[in-house]
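Engineer: any chance you can model this:
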Amino acid sequence: MLTDRQRNYARQPIRVMQIIWLGMLAGVSVFAVVLLTVLHPHQPGPDDMTVLTYAGVAGGVIAFVAANVLSRIMDAAQQQALVAAVPADDADELGDVPALCGGYQVRLIIACALLEGAAFLNGIAYLSEGQMINVGVMGALLVAIALLFPGRGRVEGWLDRKAAAVQQERQWTRSP
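Structural biologist: Numbers count the residues shown, from 1 in each chain. Sure, this is the predicted structure:
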């Protein structure tokens with residue numbers, strides 16, 4: 001269970017994560033609005049699906065999978081690094097929370113960036129080829145970014161579970 005000091009520490013990194021998340025979501029959202037209201041895409045013919053349309057759809061799927069897989073790989077690697085680290089005898093009262101907050105933020109940025117890049121690719125594909133499937137993929141990627149919102153309860157719950165898991169694994173690996 002996180003202490004009050006750990007929760008207070010986590011508030012600022014959580015706010016920073018929320019601002020980063022909002023910036024990434026807003027960039028794609030504004031582009032989508034401009035794309036659908038101001039810019040006039042190429043009018044597709046019946047057989048106009050070309051490489052860019054396919055690349056956008058494939059890129060969206062790959063980005064979604066990569067965002068999830070990389071996040072899990074990075075999470076496991078961070079946990080192993082924290083377990084292997086030898087805490088000092090006079091360990092800070094914050095424990096692993098600062099490192100865990102940093103890891104969560106890095107994973108959030110990478111996941112959002114992958115999804116954002118694929119969303120922009122689909123927007124450009126729609127603009128140049130006019131296929132509505134690219135708008136659909138862009139919308140799905142926007143929803144995926146929105147679902148990554150780093151709410152305070154969500155992040156604190158994750159920090160609580162992860163700090164406990166690190167402590168438990170340390171005990172298992174260091175017990176005689």
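
Engineer: where does the protein have low pLDDT?
Structural biologist: Where the chain drops to pLDDT under 70, the residues are 42, 44-49, 86-91, 175-176.

Engineer: where do the strands sit along it?
Structural biologist: Assigned by DSSP state E, the chain shows no strands.

Engineer: the helices in it, which residues?
Structural biologist: 4-37, 51-84, 97-129, 132-146, 152-174 (DSSP state H).

Engineer: for residue 51, grab the count of nearby residues.
Structural biologist: By the measure other Cβ atoms under 10 Å, the count of residues near residue 51 is 9. In this view, the C-beta of every residue, glycine as well, is placed from N, C-alpha and C.

Engineer: same question, residue 74
Structural biologist: 16.

Engineer: hang on, it packs against residue 109?
Structural biologist: No: the criterion here is Cβ atoms under 8 Å, and residue 74 misses it with residue 109 at 11.0 Å.

Engineer: picking that back up, which one of the helices of the chain lies nearest to residue 43?
Structural biologist: Proximity to residue 43 (Cβ to Cβ) singles out helix 97-129 among these, at 9.9 Å.

Engineer: between helix 132-146 and that closest one, find me the angle.
Structural biologist: Helix 97-129 runs at 170 degrees relative to helix 132-146, counting by axes from the mean of the first three to the mean of the last three Cα atoms, to 10 degrees.

Engineer: now do helix 97-129: which elements does it pack against?
Structural biologist: Counting contacts by 3 or more Cβ pairs under 8 Å, 6 or more residues apart in numbering; DSSP states H and E, helix 97-129 packs against helix 4-37, helix 51-84, helix 132-146, helix 152-174.

Engineer: follow-up on the earlier one: now render the helices of the chain as TSV, adding distance to residue 43.
Structural biologist: Shown next, in TSV, are the helices of the chain (distance: least, Cβ to Cβ, whole Å):
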stretch	distance to residue 43
helix 4-37	15
helix 51-84	14
helix 97-129	10
helix 132-146	12
helix 152-174	43
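
Engineer: give me whichever of the ones you listed is most buried.
Structural biologist: helix 97-129 (a mean of 21; mean count of other Cβ atoms under 10 Å).

Engineer: and the closest residue to residue 163 other than its chain neighbours, how many neighbours?
Structural biologist: Excluding the flanking residues, the one nearest residue 163 by Cβ to Cβ, 6 or more residues apart in numbering is residue 96, at 5.3 Å. Residue 96 sits with 25 neighbouring residues when counted by other Cβ under 10 Å.

Engineer: residue 96 against residue 165, yeah?
Structural biologist: No: counting by Cβ under 8 Å, residue 96 stays clear of residue 165, with 10.0 Å between them.

Engineer: can you list contacts of stretch 117-134?
Structural biologist: Here stretch 117-134 makes contact (Cβ atoms under 8 Å, 6 or more residues apart in numbering) with 28, 31-32, 35, 39, 41-44, 48-50, 52-53, 55-57, 59-60, 62-64, 135, 137-138, 141-142, 145.
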